[in-house]
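# using only what follows, build the 3D model:
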Amino acid sequence: MGSFNKRMEGYTDKVDNYLEDILPIVTIPPVKLHKAMHYAVMNGGKRVRPLLVYASGEALQIGTEQLTPAAAAIELLHCFSLVHDDLPSMDDDNLRRGQPSVHIAFNEATAILAADALQSLAFHILANAPVYRNQDNVPENLIALLAQASGTNGMSGGQALDLAAEGQTLDQGELEHIYRLKTGKLIRACMLSAIYVAPPLSIEKRQLLERFIDAIGLAFQIKDDILD
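All right, here's what the predicted structure looks like:
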């Protein structure tokens, strides 16, 4: 772990550079939308999810060139979810990482469109990344993985259940279900994405890894959302 900590800055720089290159140029119309997209993504995030992709890749001995498009796509989905979460109709947060939320810095309509565009860009990366060309089923598997993580069986579903639970007292099982969807599914996708670009694993190893992934995702959400 100590050696990975030393490499974290390099991994963060790698995914940041990739994101800078893949985001639309801010001087090209629609300028306000493109600026909002940059604002939402390049705002000093810790890049925890990309780092999980790289850490999983190290464990499976996968080169970073195979991991970076997946890491960037996952970070874009994470940023998309944060923009939506901050909206007045959701969690109604005016600040994100000490800065005005996207809907405050721009406006609510632009924030919604920027989040939608970030989601689309995430799937565009996976469908078109040169490194995944001629690799059987890799783009398809990654797209299906992230689609599930962001849909009604993932972040969107978890957020809907979270909103519906406001003012209610939930038992442990209900809370765990919400947080497995809201945050755990995307954390799970970070680690599974490395599996999808790696040589095939045995069923036993994959089952063990998935059990570990589920536990990590739930622990992360509890620390991030409940204790905070």
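# dump stretch 146-161 to PDB, restricted to CA.
Provided in PDB are the C-alpha atoms of stretch 146-161 (Å, rounded to 0.1, in the frame of the first residue of the first chain):
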ATOM      1  CA  LEU A 146     -21.600   1.600 -16.000                       C
ATOM      2  CA  ALA A 147     -25.100   1.700 -17.400                       C
ATOM      3  CA  GLN A 148     -26.200  -0.500 -14.600                       C
ATOM      4  CA  ALA A 149     -24.200   1.400 -12.000                       C
ATOM      5  CA  SER A 150     -25.900   4.700 -13.000                       C
ATOM      6  CA  GLY A 151     -29.500   3.500 -13.700                       C
ATOM      7  CA  THR A 152     -32.400   2.500 -11.500                       C
ATOM      8  CA  ASN A 153     -30.500  -0.400 -10.200                       C
ATOM      9  CA  GLY A 154     -27.600   2.000  -9.200                       C
ATOM     10  CA  MET A 155     -27.100   5.700  -8.500                       C
ATOM     11  CA  SER A 156     -30.400   6.900  -9.900                       C
ATOM     12  CA  GLY A 157     -32.400   4.300  -8.000                       C
ATOM     13  CA  GLY A 158     -30.500   4.900  -4.800                       C
ATOM     14  CA  GLN A 159     -31.100   8.600  -5.000                       C
ATOM     15  CA  ALA A 160     -34.800   8.100  -5.600                       C
ATOM     16  CA  LEU A 161     -35.100   5.800  -2.600                       C
END
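# buried residues, that stretch. List them.
146-147, 149-150, 154-159, 161 (16 or more other Cβ atoms under 10 Å). For every residue, glycine as well, the C-beta is placed using N, CA and C.
# ok, now which ones touch the nearest residue to Gln148 once chain neighbours are set aside?
Leaving aside its sequence neighbours, Gln148 sits nearest to Gly154 (Cβ to Cβ, 6 or more residues apart in numbering; 5.7 Å). When contacts are counted by Cβ atoms under 8 Å, 6 or more residues apart in numbering, Gly154 touches 148, 181, 185-186.
# just checking, Leu23 touches Ala40?
No - using Cβ atoms under 8 Å as the test, Leu23 is too far from Ala40 to be in contact (9.6 Å).
# of those two, who's got more company?
Per other Cβ atoms under 10 Å, whichever of Leu23 and Ala40 has more neighbours is Ala40, with 26 against 19.
# which positions within the host helix or strand of the more buried one qualify as buried?
Here Ala40, judged by DSSP states H and E, is contained in helix 31-41. Buried residues in helix 31-41, defined by neighbour count with 16+ other Cβ under 10 Å: 33-41.
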